[in-house]
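> model this:
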Amino acid sequence: MRQLLSLLLSAVLVLALPACGSTGGTSDSQPDPVSASSDGTSQEPMAIPFSLAVYPAYSLHPVLGENRANLTLAPLLYEPLFQLDENFQAVPVLCQSYSASPDNLSWTFTLRSGVTFSDGTPLTEEAVAAALNTARQAGSRYAQRLQDVAAVTAGENSVVITLSRPNGDLPALLDIPIANGTGDRPAGTGPYVLAGLGDALSLTARTGWWQRKTLPAQEIPLKAVERSDDLLSAFASGDIGLVDVDLMGTNSLGYSGSYETWDYATTDLLYLGFNTQRGLCQRPEVRRALARAVDRDSIVQVDYARHACASLLPVHPSSSLYDQSLAQTLSYDPEETVAQLEELRLLGRSLTILVNSENSAKGAAAQRIAYQLESAGMEVTLTKLAFEDYTAALAAGNFDLYLGEVVLTANFDLSPLLSSAGSLNYGGWREEQTDGLLSILQGASGSARTSAARALFTHLEEQVPLVPICFKNGSVLTQWGRLSGLSPVRGNVFAQLENWNLQ
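Numbers count the residues shown, from 1 in each chain. Predicted structure coming up:
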């Protein structure tokens, strides 16, 4: 009976689930009418200026800063060499052109001419090289993604990046804001400049911005806040018109008022990992059977409230590396799961699943997976642990399965998860063939990259060291009826700012 009810519920949820849009949003990056208002009603736009939040006591440096609200402002003040689009493709911004050596170990990026920082200083190869070297240093938000960079040097109107490991898609890692210096409020090349002193700050449109695009406002007031409670109340009252949030994050803030939600795709992967070194899940045929018990659509629809995009491969469905035909190999099939488990004589056997107890959405997803495995005939123990205990249990291998989450780089390098020396390889998956396929994909470019991805994903579907579930969405909340034309992307909620309309 439990299995029948589970199947009926899953069927209803699949029928109700909207298609995954190009941005991974809840409605193709359009306002979500369901989550738009806390009381279910719309309100007339408030007659106050559109403003954004700032924490004056914290650094606004786009690379060394850590405050989320301040980092949200970065694309208005700073620009990168490349900007990622909704498909995780690198679009040149401050880079005019680029080339790579045949082995993809040395890259040369020619800079766009005629660009200046907001203080009038010209954008030079020395300034860009210094900014990227700052991004490499300890304490930078980008240090980990640039760990394969051996050197960044200035050339002739160009920057040369030398790698210790080949990378055929290096531009995807270079959506790093270029700042002139390491102070708390350095100059940038973006469309706005920071003006004012103390808590009385604002963003003023630059007259010398090289892109010369039309901006939605000549001045954007900044509302000074000190604590999370200040941010919540300021947004609820309309004093702040926009916030960038992770609605499914641990300890996420509870925003209220009448607002619209604009989702965008991220590289934040939720996955089910197996203990491949001990216990029931050592054999690939067992892992393949269990993988088909996972109903991703119900997890996305219910547990993540549509703020995620289901994925059968460890790459976002919006990426050009995603292979739709290959993705169906291990799709949800509870009847096939039961048949395979029966053939393997595993019905009634016990499994232990670990999950971090500090995230409610993740805990609910783990509980749903446990129910799905029980419906397939397994005995499941779900163990919810605080983060420190959870990571300790993973390191000790005290699990059969675990629900994990990882923020991948935009080139979807799976080495930390699946290489023999991977820092996040808690399942203990060590195989020379996987290591080789990961290395080939990392170093490939162009059409060879697509072929390398297919070869890797085909092998992973045969061996199943982990089960991709979904990629979380980021969310932009705006006051109801105040803004239109938003096209947020990962790392820049102000993308295509020239198309915005302030009411």
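
> List phi and psi for L408.
phi -80, psi 160 (degrees, to the nearest 10).

> That one touches L269, doesn't it?
Yes: proximity of L408 to L269 meets the contact threshold set by CB atoms under 8 Å, at 5.8 Å. Where you see a C-beta, it was placed from the backbone N, CA and C, and this is true even at glycine.

> any residues in contact with both of these two?
Common neighbours of L408 and L269, using CB atoms under 8 Å, 6 or more residues apart in numbering, are P314.

> When those two are compared, which one has more neighbours?
Higher neighbour count among L408 and L269: L269, with 23 against 20, using other CB atoms under 10 Å.

> That one: which element?
strand 259-274 (DSSP states H and E).

> For that strand, name the packing helices and strands.
Judged by 3 or more CB pairs under 8 Å, 6 or more residues apart in numbering; DSSP states H and E, strand 259-274 is in contact with helix 284-291, helix 360-375, strand 401-407, strand 466-479.

> got a list of contacts for the shortest one?
Counting contacts by CB under 8 Å, 6+ apart, the residues outside strand 401-407 that touch it are 266-275, 281, 290, 351-356, 362, 365-366, 369, 394, 416-417, 424, 426-427, 466, 472.

> Got the domain ranges for the protein?
Taking automatic domain parsing as the reference, the chain has its domains at 2-22+266-473, 56-225.

> weakest of those by average pLDDT?
In terms of mean pLDDT, the lowest-scoring of these is domain 2-22+266-473 (a mean of 91).

> Can you show me the helices along this structure?
Assigned by DSSP state H, the helices in the chain fall at 2-16, 68-72, 74-77, 125-136, 228-237, 284-291, 296-298, 324-327, 334-343, 360-375, 387-396, 415-418, 432-443, 447-463.

> Identify whichever of the ones you listed lies nearest to Y192.
Closest to Y192 of the helices of the chain, according to CB to CB: helix 74-77, at 4.5 Å.

> related to what we said a few turns ago, paired strands for the strand holding L269, with orientation please.
Strand 259-274 pairs in its sheet with strand 401-407 (antiparallel), strand 466-479 (antiparallel), by DSSP bridges.

> any idea which of these is most buried?
Mean neighbour count, computed with mean count of other CB atoms under 10 Å, is highest for strand 466-479 among the strands paired with strand 259-274, reaching a mean of 25.

> if we can go back for a sec, quick one, which of the helices and strands packed on strand 259-274 is nearest to E219?
Set against E219 and scored by CB to CB, the helices and strands packed on strand 259-274 come closest in strand 466-479, at 17.9 Å.

> could the helices and strands packed on strand 259-274 go into CSV alongside distance to Q218?
CSV is the format used below for these (distance: least, CB to CB, whole Å):
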stretch, distance to Q218
helix 284-291, 54
helix 360-375, 40
strand 401-407, 36
strand 466-479, 20
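
> closest to E226 out of these?
Closest approach to E226 among these (CB to CB): strand 466-479, 20.2 Å.

> Taking their axis directions, the closest one and helix 360-375 sit at what angle?
Using axes from the mean of the first three to the mean of the last three CA atoms, to 10 degrees, the direction of strand 466-479 lies 140 degrees away from that of helix 360-375.

> Need the CA coordinates for strand 466-479. PDB is fine.
What follows is strand 466-479 as a C-alpha-only set of coordinates in PDB (Å, rounded to 0.1, in the frame of the first residue of the first chain):
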ATOM      1  CA  LEU A 466      26.800   9.300  -7.000                       C
ATOM      2  CA  VAL A 467      23.300  10.300  -8.100                       C
ATOM      3  CA  PRO A 468      22.700  13.900  -9.200                       C
ATOM      4  CA  ILE A 469      19.400  15.200  -7.900                       C
ATOM      5  CA  CYS A 470      19.000  18.900  -8.700                       C
ATOM      6  CA  PHE A 471      20.800  22.200  -9.000                       C
ATOM      7  CA  LYS A 472      19.500  24.900  -6.600                       C
ATOM      8  CA  ASN A 473      18.400  28.300  -7.900                       C
ATOM      9  CA  GLY A 474      19.400  31.600  -6.600                       C
ATOM     10  CA  SER A 475      16.500  34.100  -6.100                       C
ATOM     11  CA  VAL A 476      16.100  37.800  -6.500                       C
ATOM     12  CA  LEU A 477      13.300  39.300  -4.500                       C
ATOM     13  CA  THR A 478      11.900  42.700  -5.700                       C
ATOM     14  CA  GLN A 479       9.100  44.900  -4.300                       C
END
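
> Can you check what angle separates that strand from helix 284-291?
Using the same axes, to 10 degrees: strand 466-479 against helix 284-291 is 30 degrees.

> Give me the angle between strand 466-479 and helix 228-237.
If you take the same axes, to 10 degrees, strand 466-479 sits at 60 degrees to helix 228-237.

> Let me have the helices of the chain in JSON lines, adding distance to Y255 as columns.
Conversion of those to JSON lines gives the following (distance: least, CB to CB, whole Å):
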{"stretch": "helix 2-16", "distance to Y255": "25"}
{"stretch": "helix 68-72", "distance to Y255": "13"}
{"stretch": "helix 74-77", "distance to Y255": "21"}
{"stretch": "helix 125-136", "distance to Y255": "31"}
{"stretch": "helix 228-237", "distance to Y255": "6"}
{"stretch": "helix 284-291", "distance to Y255": "36"}
{"stretch": "helix 296-298", "distance to Y255": "26"}
{"stretch": "helix 324-327", "distance to Y255": "34"}
{"stretch": "helix 334-343", "distance to Y255": "37"}
{"stretch": "helix 360-375", "distance to Y255": "16"}
{"stretch": "helix 387-396", "distance to Y255": "24"}
{"stretch": "helix 415-418", "distance to Y255": "32"}
{"stretch": "helix 432-443", "distance to Y255": "39"}
{"stretch": "helix 447-463", "distance to Y255": "37"}
